[in-house]
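Chemist: Predicted structure and sequence below. I'll ask about it afterward.
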Amino acid sequence: MPSTTTSGGTVTRRCSCRNPETGKNYGRSCPKLANRRHGTWAIRHELPNRPDGTRREFRRSGFESSAEATKELNKVRALLAIPDEDDPSGQLAISDMLEACTKSKEPLPDYDETRRRLAAGQALNSKMAVAEWLDLWLGGKKRLRLSGYKRYELDVRVHLKPHLGEVRLDKLNVPHLDRMFDAINEANIEIQEQNAQRRAALEELDTIPWKGPENRARRKWLKAAIDQMPPFRRVTSVNTQHHIKATLRAALNTAIAQRIIPNYNPAEHVELEPGTKPKALVWTDERVAHWLATGEKPSPVMVWTPEQTGRFLDHIVGHRLEVMWRLIAFRGLRRGEGCGPRWIDFSKKSRSLKIATQLIQDGWDVLEGLPKTNSGIRSIALDDETVELLDLHKAAQAEQKRKWGDAWKDTGRIFTEEDGSWLHPGKISDLFERLVDEAGLPPIRLHDLRHGAATLMLAADVDIKVVSETLGHSDTRITRDIYQSVLDDLARAAAEAVVKLVPRAPRAIRSLIEQRAARRAPAIGASPLCTCECTCGAAQKEAHTA
């Protein structure tokens, strides 16, 4: 085939004509090649070798004329000339980009944009989609704690990739994000309507009697309709939307740090409704009465009073996991931390327990992991009674081990199943709910027992920094934010205590209050302007006296 060799590349004319007798391609012997409009033109340019030393080249075909092919070849030559001769990393980046263009058959990138990106140290593949980058970013997050990685992965899989995955990473902007959150809120409305329909159908089904052919037919029809309805689903709350935004912001910040995109993060500028964090409230007598009357909890986060905590601890005396409940109630361990302490972390001499590991629930599987945060790795002080109970627990565990013999699973954990195996955090939460119900106490979650420990420490005037360190918070501001409502209750209690410190004559105070009340309320039949010192009629004075 005719070809033209230019500086740093070759332009070649091709045709697909075949010899009718042999069926083979004519190649250079095609009789029609004398016509310069016959066939198509292609280019080829040698590229710097790959890092492993293998050769590669840029190829592209389908040009209608030699001029078009030469113009494309000149673009390739210009791009290859961007990095200096003593810049092997730049040459490699340009070559990788050109090789990628060959495979994907995409147009060559703009010369000026490529030069700017190379000078800024940014990735030259400007065609990367958001979904591709999120996958790369998630791949680098596998070193995170399992719970943190799972939350990132959920946001990416359920929300970010479906809504933004096809958008070019460098073209992502605030309107794209606004449309995503608008779609999420529209889906929330649909979910709420579908949930309401399913709930109404189930309620109607409960009201239809079983007897009678008409009732049975109606029940059958309703059941079939319910089966066709979507299952109950949770809406994407405002707090979850803020987490989705934070996940995208983190991913884009990494892309900016690696100079894959310019220094602009649209997730920083999208506006959402302010999120709300439930405040911890104490189970006062009034709130308990409201719960008994309506079945409604005043807040998702409820905390027992010291008296209620005492009733629970009295109820579980002698329970196999009594010490674990006690540690959560007094020292504020998280659920996984309460299930996971090891005997090697307990020091009887220093009366302390080091929180260095926890048991994590992944689906229904149980894994061992580090505490939730770096601040969660801590040492907590133990009271004398807890130390004594741990000694008794260790002796009881040794007896249990002797009974099980070779079937005993030596996990080294302080709290275990009866055969020595790990506790299951999910089962522990279920067990706690049953114990609370047995004790006749207002409901709280197992995690709320940890909140109760904070309340007890704050009520005992323990310094907020000590409370924060005991709970494993990284900053006292986190502690104050979570327990602000509890601190307000304690402040009101402190105000009452201050007043009670000043001795007063109860009778004199009551008399003063009664006199003031009488002055504010005019007597029946008296003029609004009338007082006891005025010259009233006899009937009015008689009314005042009465």
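Modeler: Structure received.

Chemist: So residue 97 is in contact with residue 106, correct?
Modeler: No: judged on CB atoms under 8 Å, residue 97 makes no contact with residue 106 at a distance of 10.2 Å. (C-beta placed from N, C-alpha, C; glycine too.)

Chemist: Can you pick out the residue with more neighbours from the two?
Modeler: Taking neighbours as other CB atoms under 10 Å, residue 97 and residue 106 compare with residue 97 leading, 21 against 11.

Chemist: Can you give me the separation between that one and residue 108?
Modeler: Distance from residue 97 to residue 108, counting by CB to CB, to the nearest Å: 9 Å.

Chemist: which residues do these two both contact?
Modeler: residue 79 (CB atoms under 8 Å, 6 or more residues apart in numbering).

Chemist: how far is stretch 88-95 from where the chain is centred?
Modeler: 40 Å (CA atoms, centre = their mean, to the nearest Å).

Chemist: now for the strand or helix carrying residue 452, which elements pack on it?
Modeler: In the assignment (DSSP states H and E), residue 452 maps to helix 446-459. With contacts taken as 3 or more CB pairs under 8 Å, 6 or more residues apart in numbering; DSSP states H and E, helix 446-459 sits against strand 302-303, helix 306-315, helix 322-331, helix 425-439, helix 464-471, helix 476-482, helix 484-501.

Chemist: pLDDT on the shortest one, on average?
Modeler: Translated: strand 302-303. For strand 302-303, the mean pLDDT works out to 90.

Chemist: With the fifth one instead?
Modeler: When pLDDT is averaged along helix 464-471, the result is 86.

Chemist: other SSEs contacting it?
Modeler: So helix 464-471, by 3+ CB pairs under 8 Å, 6+ apart, packs with strand 378-381, helix 446-459, helix 476-482.

Chemist: what's the most buried one of those?
Modeler: helix 446-459 (a mean of 21; mean count of other CB atoms under 10 Å).

Chemist: hmm, who's touching that helix?
Modeler: By CB under 8 Å, 6+ apart, helix 446-459 touches 280, 282, 301-304, 306, 309, 325, 328-335, 428-429, 432-433, 444, 464, 466-467, 470-471, 479, 482-483, 486-487, 490, 493.

Chemist: Also stretch 353-366?
Modeler: 146-147, 150, 327, 331, 333-334, 336-337, 339-342, 345-347, 367-372, 376-380, 382, 422-426, 472.

Chemist: Narrow the residues you listed to just the buried residues.
Modeler: 327, 331, 333-334, 336-337, 339-341, 345-346, 370-372, 376, 378, 380, 382, 422-425, 472 (16 or more other CB atoms under 10 Å).

Chemist: sorry, back to before: just the buried ones among the contacts of helix 446-459, please.
Modeler: Buried, going by 16+ other CB under 10 Å: 280, 282, 301-304, 309, 325, 328-335, 428, 432, 444, 464, 467, 470-471, 479, 482-483, 486, 490, out of those.

Chemist: in this structure, which ranges drop under the pLDDT threshold?
Modeler: For the chain, the stretches with pLDDT under 70 are 1-7, 122-123, 125-126, 484-546.

Chemist: can you give me the strands for it?
Modeler: In the chain, the segments counted as strands under DSSP state E are 3-6, 9-14, 40-47, 56-63, 281-282, 302-303, 346-347, 352-355, 358-362, 365-369, 378-381.

Chemist: and the ones you listed, which is most packed in?
Modeler: The most buried one of the strands of the chain (mean count of other CB under 10 Å) is strand 302-303, showing a mean of 24.

Chemist: In the sheet, which strands lie alongside that one, parallel or antiparallel?
Modeler: strand 281-282 (parallel) (DSSP bridges).

Chemist: and the gap between residue 377 and residue 345?
Modeler: For residue 377 relative to residue 345 (CB to CB), the value is 11 Å.

Chemist: Number of residues surrounding the residue lying closest to residue 137 once chain neighbours are set aside?
Modeler: Excluding the flanking residues, the one nearest residue 137 by CB to CB, 6 or more residues apart in numbering is residue 251, at 4.5 Å. Neighbourhood size, residue 251 [other CB under 10 Å]: 23.

Chemist: residues in contact with residue 251?
Modeler: 133, 134, 137, 156, 160.

Chemist: Apply 10 Å and report the result again.
Modeler: Neighbouring residues of residue 251 by CB atoms under 10 Å, 6 or more residues apart in numbering: 130, 133-134, 136-138, 141, 152, 155-156, 160, 169, 265, 267.

Chemist: Ok, residue 192 next?
Modeler: 233, 235.

Chemist: got it, and residue 231?
Modeler: If you count contacts by CB under 10 Å, 6+ apart, then residue 231 has 194, 195, 198 around it.

Chemist: What is the neighbour count of residue 72?
Modeler: Residue 72 has 20 nearby residues by other CB under 10 Å.

Chemist: That one is in contact with residue 108, isn't it?
Modeler: Yes: shown here, residue 72 and residue 108 form a contact pair, counting by CB atoms under 10 Å, at 7.2 Å.

Chemist: Now do the shared contacts for the two.
Modeler: 58, 60.

Chemist: Can you tell me the centre-most residue of this structure?
Modeler: Central residue of the chain (CA atoms, centre = their mean): residue 151, 4.7 Å from the mean position.

Chemist: List the contacts of residue 43.
Modeler: 3-4, 6, 9-12, 57-61, 63, 68-76.

Chemist: Could you give the bridge partners of it?
Modeler: residue 11, residue 60.

Chemist: same question, residue 359
Modeler: residue 368.

Chemist: May I ask you to name the longest helix in this structure?
Modeler: For the chain, the helix with the greatest residue count under DSSP state H is helix 174-207.

Chemist: Could you give the number of residues near residue 163?
Modeler: Quick note: residue 163 (other CB under 10 Å) scores 19 neighbours.

Chemist: burial measure for the closest residue to residue 173 other than its chain neighbours, as a count.
Modeler: Leaving aside its chain neighbours, residue 173 sits nearest to residue 266 (5.2 Å; criterion: CB to CB, 6+ apart). Neighbour count of residue 266, defined by other CB under 10 Å: 17.

Chemist: going forward, begin numbering at 393 instead of 1
Modeler: That works, and once the first residue is 393, the last one we named lands at residue 658.

Chemist: Looks like residue 658 contacts residue 645 (just checking).
Modeler: No: when contacts are counted by CB under 10 Å, residue 658 is not listed as touching residue 645 (11.5 Å).

Chemist: if I pick residue 600, what's in contact with it?
Modeler: Per CB under 10 Å, 6+ apart, neighbours of residue 600: 606, 607, 608, 609, 610, 611, 614.

Chemist: 7 Å instead, please
Modeler: Residue 600 makes contact with 607, 610, 611, according to CB atoms under 7 Å, 6 or more residues apart in numbering.

Chemist: Ok, residue 449 next?
Modeler: 436, 437, 438, 439.

Chemist: thinking again about what came up before, with distance to residue 793 as new columns, can the helices and strands packed on helix 856-863 be given to me in JSON lines?
Modeler: Below are these laid out as JSON lines (distance: least, CB to CB, whole Å):
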{"stretch": "strand 770-773", "distance to residue 793": "26"}
{"stretch": "helix 838-851", "distance to residue 793": "27"}
{"stretch": "helix 868-874", "distance to residue 793": "39"}
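
Chemist: what's the closest of the ones you listed to residue 630?
Modeler: helix 868-874 (17.2 Å; CB to CB).

Chemist: Just the residues contacting that closest one, thanks.
Modeler: For helix 868-874, using CB under 7 Å, 6+ apart, the contacting residues are 672, 856, 857, 859, 860, 863, 865, 879.
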